[in-house]
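> Using only what follows, build the 3D model:
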Amino acid sequence: MIPGRTILLSGFLLLLASPGWSQVRQPHRLEITAKHSDQEYHVISLSQEGLALVRDMNSFDHGKKKWQLLVVDTVLTTVWSMELELESRLSLVGYEHSPGHLFLLFREEETTFHNFQLVNLHLTEQTFQLNKIQFDLNFRLTHFTVAGNSAIFGGYVSSEPAVLLYNQSSDHPKVLPGLFTKGITLLDVRTNQNQSFNVLLAEERQADQSKLILRTFDESGNLLIDDVIDVAPRYTIMTGITSTLIHDEMIIAGTFGIGSGKQASGFYFVAVDPFAEQAITYIDFAALEHFMDYLPEKKARKLRNKASNERLLGKNFSYRASIIPFRVAEFPGGFYLLAEMYHPSTNVNAYPYSNPGWANDFGAYPGPGYPYRSGQYQSPHYRTDPPIRNSEVWLIQSVVLRFRTTTTPPIDFSMNLEGIKKHQLDQTSDFLLASDSLVVAVKKKNEILYQRESNDMDVTAAVDKAFVTLQNPDDIFRDEEENEGGLRFWYGTHFYAWGYQRVKKGATDDFQSRYVFYVNRIDL
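I've put the predicted structure just below:
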């Protein structure tokens, strides 16, 4: 090759490897005048059907509470606006999206038997249907999703896991058999692409033996798959998420611990195969290439060396972390697991593992409320009302694992989140694939921080920054609420970011600032 061409090619490759080679664009923004006394909007992804915005209007008419619903398309233009009038004692506790439909789950707060109302919004026809659902048992809800024509409720009756199906053609919910067993934890309830759904259970350790149990049902509750997987004697399964059969293979991924400790020791993952014995792959945090990038190099090296000796001697891993997995995504060529590491607070449960309903009806770690906050991933959605406001959770880092198969070590990617705090445990960062490169992003007030995967796996990618684009060229940013809003993957190579800002028009004192709720589309 001619030397000059070599130089040009090297420079071009260096440009591509630079974290800032592809800047984010924000071509569309939705802005709504707001008041500080307003209830927050729930921003719900409808994937390529747009976004839904739902909020309690703090308004009553003839004993009914009003809820506002706005549906916007992918360029953030309003296509449907309406008000729902519901019983005054109802609170929004969950939601789920399926193509053409948005489901909003409400419940009465003053009863342990939970009278639910499920609103089925038909997005194309712009109509809705209201279904009243009552469980004649003391059922503690932890998971909610929708499979086909059935609403799926996961939770506990006393201390035993239960899953109930509600179909509009039936007067009473159907209870799935075989789940009422002591010593079993309900980890996940998730809808697959073919409208079957998964129930993931973990058996408590007895005499150095425990099981991970995956059962898949059709939308009518008929058992399709029953897979029982042995857990290594020294480990305890703490969390678990199933993939959703976008392709032919299903995997389970989550965190494991040692003994009864409240912190995790590493990640695990396994392929579902009810016709063969499967070995779970475990990887401790210190064995990952970039998990300790948030630490000073000297301290990280010391911890890795210590973990290496523990691995050789078969000892328990001394390095542990408070970490929550949020999302399992499937793309051609592999699976991705997103998790976030945090500093626990004395005012917030630092142990949202095992039993998601440990503290109250929806757990201290709810999210779309829940365990996982992402409607577009067929996740269950729950929300604590009102959110916890008297505590702080300090985030440490976002971690994404990519594994081609469940028998080979994953490639890990981390982004430092220090300096970001939340009032409750909830997903803060997210990721997407752009030109086959992983991009992790997070919003901190009016800043969008994003980090692109480096072509050199031995190099920690740098974090780039973009500011949230305002509505008009002459608008001036004044301030933004720190703990209201966020950023999520939307579809394709798009994120969406939302929050509340105070914005001033023009540079003179003649114009007062305005307080607005906004949603920006972010393109890569």
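
> just for the stretch 101-250 of the chain, where's the confidence low?
Residues of the stretch 101-250 of the chain that meet the criterion pLDDT under 70 lie in 110-114, 171, 207.

> which strands and helices sit next to the lengthiest helix in the chain?
As assigned by DSSP state H, the longest helix anywhere in the chain is helix 297-313. If contacts are counted by 3 or more CB pairs under 8 Å, 6 or more residues apart in numbering; DSSP states H and E, helix 297-313 sits against no helix or strand. C-beta here means a position set from N, CA and C on the backbone, and glycine is covered the same way.

> What residues sit buried inside that helix?
Within helix 297-313, the residues scored as buried using 16 or more other CB atoms under 10 Å are 300, 303, 304, 307, 310.

> Show me what secondary structure element comes after the top strand by length along the chain.
Using DSSP state E, we find that the single longest strand of the chain is strand 475-491. Toward the C-terminus, strand 475-491 is succeeded by strand 494-505 as the next helix or strand (DSSP states H and E).

> what about that following strand, distance to the chain center?
21 Å (CA atoms, centre = their mean, to the nearest Å).

> lowest confidence element among the helices and strands of the protein?
helix 3-17 (a mean of 40; mean pLDDT, DSSP states H and E).

> which one is residue 70 nearest to, not counting chain neighbours?
residue 53 (4.2 Å; CB to CB, 6 or more residues apart in numbering).

> who's in contact with that neighbour?
41, 42, 43, 44, 68, 69, 70, 71, 72, 519 (CB atoms under 8 Å, 6 or more residues apart in numbering).

> How many neighbouring residues does the first one have?
Yep, that's residue 41 we're talking about. 23 (other CB atoms under 10 Å).

> That one touches residue 55, doesn't it?
Yes - between residue 41 and residue 55 there is a contact under CB atoms under 8 Å: 4.7 Å.

> Which positions in stretch 34-48 come out as buried?
34, 38, 40, 41, 42, 43, 44, 45, 46, 47.

> nope, stretch 404-417 is what I was after
406, 410, 411, 412, 413, 414, 415, 416, 417.

> now those residues as a markdown table including secondary structure and pLDDT?
Listed next are those as a markdown table, based on DSSP: H, G, I helix; E, B strand; the rest coil; pLDDT from 0 to 100:
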| residue | secondary structure | pLDDT |
| --- | --- | --- |
| 406 | coil | 78 |
| 410 | coil | 93 |
| 411 | strand | 94 |
| 412 | strand | 95 |
| 413 | strand | 95 |
| 414 | strand | 96 |
| 415 | strand | 96 |
| 416 | strand | 96 |
| 417 | coil | 95 |
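
> Not counting its own residues, what contacts the longest helix of the chain?
By CB under 8 Å, 6+ apart, helix 297-313 touches 284, 285, 286, 287, 292, 293, 295, 315, 316, 317, 318, 319.

> any idea how far residue 68 is from residue 81?
Here the criterion is CB to CB, to the nearest Å. By it, residue 81 lies 8 Å from residue 68.

> Residue 211 too?
Residue 211 is 46 Å from residue 68, by CB to CB.

> Repeat that for residue 165.
When residue 165 is compared with residue 68 (using CB to CB), they lie 30 Å apart.

> Next: residue 106.
For residue 106, the distance to residue 68 - CB to CB - is 14 Å.

> Which one's more surrounded, the two?
Using other CB under 10 Å, the more surrounded residue of residue 106 and residue 68 is residue 106, with 23 against 18.

> May I have the beta-bridge partners of that one?
residue 92, residue 117 (DSSP bridges).

> dump the residue contacts of it.
With CB under 8 Å, 6+ apart, residue 106 has these contacts: 86, 90, 91, 92, 93, 116, 117, 118, 119.

> By neighbour count, which of those residues wins?
Most surrounded of the contacts of residue 106: other CB under 10 Å gives residue 93, at 25 neighbours.

> thought that one was touching residue 107?
Yes - with contact defined as CB under 8 Å, residue 93 reaches residue 107; the gap is 5.1 Å.

> Between these two, which contacts overlap?
Counting by CB under 8 Å, 6+ apart, the residues touching both residue 93 and residue 107 are residue 141.

> gap between the helix or strand where residue 282 lies and the chain center?
Assigned by DSSP H and E, residue 282 belongs to strand 281-284. Centroid displacement of strand 281-284 relative to its chain, using CA atoms, centre = their mean, is 22 Å.
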